[in-house]
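Trainee: model the structure of this input:
(chains A and B)
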Amino acid sequence: MARAATTADAFNAVAEPRRRQLLDALAGGERPVNELVRVLGLAQPQVSKHLRVLREVGAVDVREDGRRRLYRLNGQALKPIHDWVQNYERLWSERFVELDDVLEDLKQEEDGDGGSHE
Amino acid sequence: MAEVTSSRKATVTLPTDEQILITREFDAPKELVYKAYTTPELVKRWWHANRGEVTSAEIDLREGGKWRYVAVICDGQEVAFHGEYREIVPNERIVSTEVYEGAPQPDGPEQGTLNTATFTEVDGRTRLTILVEAPSKEIRDAIIESGMEEGMQDALALLEGIAKSLR
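Mentor: A predicted model of the protein is given here:
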């Protein structure tokens, strides 16, 4: 289902479920590679391959700390995706705020006349 | 305002290239959420998303039955969607097709999405998930882009007002 690792932009880079998992893991803060390997339960070369793709589009940054390589999320690179989905998300958010209203009315109807206590 | 809107925010994720997953929790039992989701007069009250008015909601809630929603959005433009119910498990799940009538339709079968709405109740609250499965990444992407409409700022202002009134 996932496409080959041709990744010109952030949209392609996050199309792969494992890479999204990596981004989720990094959302909590900077992490060394071995921790990411553990979180994903994949072999290190595969994890490194996914990290490289993410690095190429700027979705993650890496720095050396002694012998460790620490990865962190670079939210700015993912902003286009966020913005893109957010408008659609807003449409549904607005629908559902209205639906909340409808549900309040339905609950009151169910409670019947006046008996609004649980 | 930020807290109010985020607590009532729908979450949209893209599980695969062809899918959109919409998730939201409601403070009501699932029977009521299902009712609001499947009753024409009630759908008219929320489906407009403050971008206009739902002028028609037809729901023939049975497997093989058709549905069609029509809305007139703020600039006077009419938008319509229709589809067919494929699977109905009352208060649990609705699988239906959805076709945007404004989309270019090549010959052959209609290019729509397959939508699965699932109602799950936990402690009196209901989680609604809607999985939208498009026939291609292009159509999936076009659907997401359709969310970008003008008048967004007006809609946001309205949303804020409603959010406050709900407090």
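
Trainee: which element is the most centrally placed residue in chain A on?
Mentor: Closest to where the C-alpha atoms of chain A average out (Cα atoms, centre = their mean) is residue A:24, at 5.4 Å. Counting by DSSP states H and E, the element that carries residue A:24 is helix A:17-27.

Trainee: other SSEs contacting that helix?
Mentor: Packing partners of helix A:17-27 (3 or more Cβ pairs under 8 Å, 6 or more residues apart in numbering or on different chains; DSSP states H and E): helix A:33-40, helix A:44-56, strand A:60-65, strand A:68-73. C-beta coordinates here come from the backbone N, C-alpha and C atoms, glycine included.

Trainee: so for that helix, what's the average pLDDT?
Mentor: The pLDDT scores in helix A:17-27 average 85.

Trainee: low-confidence ranges in chain A?
Mentor: For chain A, the stretches with pLDDT under 70 are A:1-8, A:113-118.

Trainee: mind redoing it with 50?
Mentor: A:1-7, A:115-118 (pLDDT under 50).

Trainee: close to chain B: what parts of it are there?
Mentor: A:1-3, A:15, A:17, A:84-85, A:87-104, A:106-107, A:110 (Cβ under 8 Å from any Cβ of the partner chain).

Trainee: again, only using 10 Å
Mentor: A:1-3, A:11-12, A:14-17, A:20, A:81, A:83-107, A:109-110, A:118 (Cβ under 10 Å from any Cβ of the partner chain).

Trainee: tell me the centre residue of chain B?
Mentor: residue B:47 (6.7 Å).

Trainee: what is the burial count for residue A:35?
Mentor: Number of residues near residue A:35 (other Cβ atoms under 10 Å in any protein chain shown) recorded here: 14.

Trainee: if we can go back for a sec, quick one: the helix holding residue A:24 to helix A:33-40, angle?
Mentor: Relative orientation of helix A:17-27 and helix A:33-40, computed by axes from the mean of the first three to the mean of the last three Cα atoms, to 10 degrees: 120 degrees.

Trainee: mind listing what's buried in helix A:17-27?
Mentor: Across helix A:17-27, burial judged by 16 or more other Cβ atoms under 10 Å in any protein chain shown covers A:19, A:20, A:21, A:22, A:23, A:25, A:26.

Trainee: next one: stretch B:87-95
Mentor: By 16+ other Cβ under 10 Å, the buried positions in stretch B:87-95 come out as B:88, B:91, B:94, B:95.

Trainee: what's the answer for stretch B:119-130, then?
Mentor: The neighbour-count check on stretch B:119-130 (16+ other Cβ under 10 Å) flags B:119, B:121, B:126, B:128, B:129, B:130 as buried.

Trainee: ok, back up a step: distance of the residue nearest to the centre of chain A from chain B?
Mentor: Remark: distance between residue A:24 and chain B (Cβ to the nearest Cβ, to the nearest Å) = 11 Å.

Trainee: helix, strand, or coil at the residue sitting furthest away from the middle of chain B?
Mentor: For chain B, the residue at maximal distance from the C-alpha centroid (Cα atoms, centre = their mean) is residue B:107, at 26.3 Å. Following DSSP: H, G, I helix; E, B strand; the rest coil, residue B:107 is assigned to coil.

Trainee: rewinding a little: just the buried residues of helix A:17-27 now: which is nearest residue B:146?
Mentor: residue A:20 (23.3 Å; Cβ to Cβ).

Trainee: neighbours of the closest residue to residue B:139 other than its chain neighbours, how many?
Mentor: Spatially, and ignoring its direct neighbours in sequence, residue B:139 is nearest to residue B:111 (6.2 Å; Cβ to Cβ, 6 or more residues apart in numbering or on different chains). Number of residues near residue B:111 (other Cβ under 10 Å) recorded here: 17.

Trainee: with the one 5 residues further on instead?
Mentor: Residues contacting residue B:116 under the criterion other Cβ under 10 Å number 16.

Trainee: identify the residues contacting it.
Mentor: Counting by Cβ atoms under 10 Å, 6 or more residues apart in numbering or on different chains, residue B:116 makes contact with B:21, B:86, B:87, B:93, B:94, B:95, B:96, B:129, B:130, B:131, B:132, B:133.

Trainee: ok, and of the residues you listed, which contact chain A?
Mentor: Among these, the ones lying near chain A by Cβ under 10 Å from any Cβ are residue B:130.

Trainee: restricted to strands, list the contacts of residue B:116.
Mentor: B:21, B:86, B:87, B:93, B:94, B:95, B:96, B:129, B:130, B:131, B:132, B:133 (DSSP state E).

Trainee: cool, thanks, signing off.
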